[in-house]
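*Asks:* fold the following for me, if possible:
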Amino acid sequence: MERQLPDFILVFGIIAVVLTVTALASGLVERSPLSFHLMFLGLGFLLGGRGFDVLEVGPHSPVLEVVATLTLTLVLFLDAVKLQI
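*Replies:* Numbering: from 1, shown residues only. Model prediction:
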């Protein structure tokens, strides 16, 4: 359990930095021919095992499970907010 806690802190720290930079650069990205999705995909490739190897997240990693659950929760919440019932 001691090994997993720093991994969570590192992953969520990187996510926080990426989201902050994304929010600050949103105007620049909107004028760019690339979308946020493509930029996040490229960033994930660079930070992953085939890039700079900053993050090592396997398919059965508990970090991946938490990030996927939080992402799904956020997406479903944002879709529910957009509904006009």
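*Asks:* who's in contact with the residue nearest the centre of the chain?
*Replies:* Nearest to the geometric centre of the chain sits Ile15, at 5.3 Å (C-alpha atoms, centre = their mean). Counting by C-beta atoms under 8 Å, 6 or more residues apart in numbering, Ile15 touches Val67. Where C-beta positions appear, they are placed from N, C-alpha and C, glycine not excepted.
*Asks:* pLDDT of whichever strand or helix holds Leu38, averaged?
*Replies:* For Leu38, the element it lies in under DSSP states H and E is helix 36-47. The average pLDDT within helix 36-47 is 85.
*Asks:* CA atoms of that helix as CSV?
*Replies:* Listed next in CSV are the C-alpha coordinates belonging to helix 36-47 (Å, rounded to 0.1, in the frame of the first residue of the first chain):
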residue,chain,number,x,y,z
PHE,A,36,-8.0,19.2,-27.2
HIS,A,37,-8.6,15.5,-27.7
LEU,A,38,-5.6,15.2,-30.1
MET,A,39,-3.4,17.2,-27.8
PHE,A,40,-4.3,15.1,-24.8
LEU,A,41,-3.7,11.9,-26.8
GLY,A,42,-0.2,13.2,-27.8
LEU,A,43,0.5,14.3,-24.2
GLY,A,44,-0.5,10.9,-22.9
PHE,A,45,1.8,9.3,-25.5
LEU,A,46,4.7,11.5,-24.4
LEU,A,47,4.2,10.9,-20.7
